[in-house]
Every structure is written in structure tokens, then in C-alpha cells.
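A.B. asks: Provided below are the primary sequence and the corresponding predicted coordinates.
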Amino acid sequence: METIKIWNNKASERQLRELARRLDNGEIAIVPTDSLYAIVGDALNSKVIDRICRLKGINPDKTNLSIICPDISTAAEYARIENNGYKMLKEYTPGPFTWLFRSVSTLPKAFKGRKTVGVRIPDNEFARELAQTLGRPLITTSIEFEDDDYAINPGLIAENYEGKVDFMVEGEEGITEASTIVDLTDGTPVVTRDGLGKLED
């Protein structure tokens, strides 16, 4: 598995174009986010979604799938965002949250089993720029680890996923906390998983 290093969560334009080209060709990768490192791929490629679901043991009919978008306007192309949802996104993104919305028909069939999509607009410039350069959202799911070192140390993360993904983008050290999940499918925010992001009372 190839490892591509970036500094301060910032990739060069050449790196971004090359990484986006590889994702466009159906490869999957591990990348830094503002919470845990994540496994990502082209969210509009059904084969990529199937591969990531198999890797993580995910049943998309029972588990919400999430996408990384570069900004709110892109998210609105793939999720049904009502007024209160827009207010929440404007206040709390970019940030370590996964926002659950009703999905729309622009997403592949795998997302429609749940009729819900998790939207991530992470406070990580590289992750947003990669989705922007690809021109499509990234399907995203956090890496799995049994020992904290395997979430924090990029070298150990790469070792753990050798042969399972096509490449890894190595940024800063990782963290062990996941994003906070906020359900906005009914318009009223309900925290369904406490994580790194904190909503104001």
C-alpha cells in the first residue's frame, strides 16, 4: 500500500489531482479528517461503496452511510436539508459532526435502503479539498482499531490496513474520538452519538 505524506493537512494541487484521479478510478484510501482517520472512496461509485461496506462489515440496509462534502451547497445536492438544518450547518461546519438528513435520488442505491445519509463537512482542509477536486462527495467511515496507538500513529494505521486499501494519505497524528452524530431528519437536532463535536445548549 502506498503512503502519500502531506503537511499541516494541506496537499499540493498536483497531489490533489492525482489522488482524485485514483479515487475516480475506483480506488479506496485512508485519509485524515478532523476526528478519526477515515476510509474513503467515490460516493457515487456503487462498487466502491460495496467494497468499503465489505471491508468494515457494514450492512447499508441497517447502518447509515456518510459522505464528506466540501461545503453546504454541495451537501444540499445529496441531502434534503430543511431551514433548521441549514442553520445548524452554518453554525457548526466545518467541524467534527456527522449530520443525518433524508437522502435524495442523486445518491446510489446503497444509500436508499436507509433513506438517510450522514453529511460530514470536516474541519480538515485536505479532506474538503479532496472532495472538491474529485467533484463528488466521498463515502466515509472511520477506521477500526483495538489499541489507541493504531488510531493515533499513521505508520501503525498503514500497517493495520496493508492490503485492504489502495493508498493512505498521512497527515498529522490521528485522534481516538469519533465525530458527534446529530439526527436532523425531522428538523429538530437530536444527538445520537456523543463525540468530538459539542453543540451549544
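C.D. replies: All right, it came through fine. Numbering: from 1, shown residues only.
A.B. asks: residues in contact with the residue most central in space within the chain?
C.D. replies: Central residue check for the chain by Cα atoms, centre = their mean: the C-alpha nearest the mean position is that of residue 140, 3.2 Å away. In this structure, residue 140 makes contact with 33, 38, 39, 40, 66, 67, 68, 120, judged by Cβ atoms under 8 Å, 6 or more residues apart in numbering. C-beta here means a position set from N, CA and C on the backbone, and glycine is covered the same way.
A.B. asks: C-terminal to the helix or strand of the chain with the lowest mean pLDDT, which secondary structure element comes first?
C.D. replies: Sorting the helices and strands of the chain by mean pLDDT, DSSP states H and E puts helix 109-112 at the bottom, at a mean of 74. Using DSSP states H and E, the helix or strand that directly follows helix 109-112 along the chain is strand 116-120.
A.B. asks: against which helices or strands is that next one packed?
C.D. replies: Other elements packing on strand 116-120 under the criterion 3 or more Cβ pairs under 8 Å, 6 or more residues apart in numbering; DSSP states H and E are strand 65-68, strand 97-103.
A.B. asks: export those strands as a markdown table, with columns for distance to residue 170.
C.D. replies: Listed next are the helices and strands packed on strand 116-120 as a markdown table, based on distance: least, Cβ to Cβ, whole Å:
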| stretch | distance to residue 170 |
| --- | --- |
| strand 65-68 | 18 |
| strand 97-103 | 23 |
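A.B. asks: of those, which is nearest residue 156?
C.D. replies: strand 65-68 (23.1 Å; Cβ to Cβ).
A.B. asks: next one: stretch 179-196 to chain centre, how far?
C.D. replies: 16 Å (Cα atoms, centre = their mean, to the nearest Å).
A.B. asks: which of the residues in it are buried?
C.D. replies: Residues of stretch 179-196 classed as buried by neighbour count (16 or more other Cβ atoms under 10 Å): 179, 180, 181, 182, 183, 184, 185, 189, 195, 196.
A.B. asks: could you measure from the fourth one over to residue 139?
C.D. replies: So that's residue 182. Distance, residue 182 to residue 139, by Cβ to Cβ, to the nearest Å: 19 Å.
A.B. asks: how about residue 46, phi and psi?
C.D. replies: Dihedral angles phi and psi of residue 46 (degrees, to the nearest 10) take the values phi -60, psi -40.
A.B. asks: ok, now which ones touch the residue lying closest to residue 93 once chain neighbours are set aside?
C.D. replies: Closest residue to residue 93 in three dimensions, ignoring its sequence neighbours and counting by Cβ to Cβ, 6 or more residues apart in numbering: residue 121, at 4.0 Å. Contacts for residue 121 were tallied using Cβ under 8 Å, 6+ apart; they are 68, 69, 70, 71, 72, 75, 89, 93, 94, 95, 128.
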